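Visitor: Pasting the sequence and the predicted coordinates here, then a few questions.
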Amino acid sequence: MPPRAREGRRGLSGFPWAHAFAIRWNADATVSDDRLERVTNEIVACRKCPRLVRYREQVARTKRAAFRDWEYWGRPVPGFGDPHARVLVVGLAPAAHGGNRTGRTFTGDRSGEWLYRALYHAGFSNQPTSVSKDDGLALRDCYIAAAVRCAPPQNRPTRIEFARCQPYVEREVTLLRNLRVVVALGGVAMGAFLRTWRAVGHNVPSPVPKFRHGGVWHLPPVALVASYHPSQRNTQTGRLTRTMFDQVFESVGKFVQDIP
């Protein structure tokens, strides 16, 4: 297979390689829960980025008035979900008063409201809402991670902060042995995933795929799907609608249903 991405024009179902790819991957290729747990523990203990450490801990101390009774997490936020997942969702970073407060990615903020609702309707979640780590949410066939694990000031990590977090994403991608589809939420997250994918030994085409909502690229052995991030800036302006967002995950759900 030449190192070029083939972009699907009819969504994931349009890939002629889907069934052959599913057969080629052995059903007994499973992740070690213990190894993934070790990555989680290392992420939570990480203090590699002084600027992010200061910011996340300052936010945890000062809090937001609406959450003054909360004991903020105030640490790096690890990945979350099914260790045998075929679908990986990659976001940018935890929200200062979302994941940095609750300790679980996309939990307790407006973006999470959109994401977990879409995952629920596509069959990847047991409930459409997520407000805390103890709310009973469970993901099925899906794992969620972020390119940067600490809440950054102005939601803008630096290049070196991306680089320091990348090894965690690399290890998660490697350990998710059943992985078939990666959904990148936003152009920055997509770029971070492509750098990760190259770092773990896979081909990334040149020129690099250009982000567009609904874009699908064949990057063996996964399909990469791009979506606008469900940030308030995108959702309140109508750039991203619920229908648009739901369609992304419905397409992913139909694709993985066809994989043995």
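Guide: Noted; the coordinates are in hand. Predicted, not measured: the structure shown is a model, and the values here were computed from it.

Visitor: Give me the distance between the residue nearest the centre of the chain and Val188.
Guide: Central residue of the chain (CA atoms, centre = their mean): Val90, 2.0 Å from the mean position. Distance of Val90 to Val188, given as CB to CB, to the nearest Å: 10 Å. C-beta here means a position set from N, CA and C on the backbone, and glycine is covered the same way.

Visitor: any residues in contact with both of these two?
Guide: Ala147 (CB atoms under 8 Å, 6 or more residues apart in numbering).

Visitor: quick one on the thing from earlier: check for me that the residue nearest to the centre of the chain belongs to a helix.
Guide: No: under DSSP: H, G, I helix; E, B strand; the rest coil, Val90 falls outside any helix and is assigned strand.

Visitor: Can you verify my assumption that it contacts Gly187?
Guide: No: Val90 is beyond contact range of Gly187, at 11.7 Å (criterion: CB atoms under 8 Å).

Visitor: Who are the contact partners of the residue nearest to the centre of the chain?
Guide: Ala145, Ala146, Ala147, Val169, Val182, Val183, Ala184, Leu185, Ala189, Met190, Ala192, Phe193.

Visitor: which residues touch stretch 231-249?
Guide: By CB under 8 Å, 6+ apart, stretch 231-249 touches 110-111, 114, 117-119, 121-122, 124, 183, 186, 213-214, 225, 227-230.

Visitor: Could I get the full set of strands for this structure?
Guide: Per DSSP state E, the chain carries strands over the ranges 80-81, 87-91, 142-146, 181-185, 216-219, 222-227.

Visitor: Distance from the chain centre to the second one, please.
Guide: Read it as strand 87-91. How far strand 87-91 lies from its chain's middle: 3 Å, per CA atoms, centre = their mean, to the nearest Å.

Visitor: Let me know the angle separating that strand from strand 181-185.
Guide: Per axes from the mean of the first three to the mean of the last three CA atoms, to 10 degrees, the angle that strand 87-91 makes with strand 181-185 is 20 degrees.

Visitor: isn't Trp217 right next to Pro209, touching?
Guide: Yes: if you go by CB under 8 Å, Trp217 and Pro209 touch, sitting 4.9 Å apart.

Visitor: roughly how far apart are the residue nearest to the centre of the chain and Lys63?
Guide: 28 Å.

Visitor: Can you get me a residue count around Lys210?
Guide: Neighbour count of Lys210, defined by other CB atoms under 10 Å: 11.

Visitor: Could you point out which residue ranges in the stretch 1-150 of the chain have low pLDDT?
Guide: Scanning the stretch 1-150 of the chain for pLDDT under 70 picks out 1-33.

Visitor: Kindly recompute the last result at 90.
Guide: 1-34 (pLDDT under 90).

Visitor: quick one: the helices in it?
Guide: Here the stretch 1-150 of the chain has its helices, by DSSP state H, counting those that start in this stretch, at 18-24, 33-44, 50-62, 99-102, 110-121.

Visitor: Ala60 reaches Gly74, doesn't it?
Guide: Yes: with contact defined as CB under 8 Å, Ala60 reaches Gly74; the gap is 2.9 Å.

Visitor: Need the overlap of contacts for the two.
Guide: Shared between the contact lists of Ala60 and Gly74 (criterion: CB under 8 Å, 6+ apart) are residues Asn100.
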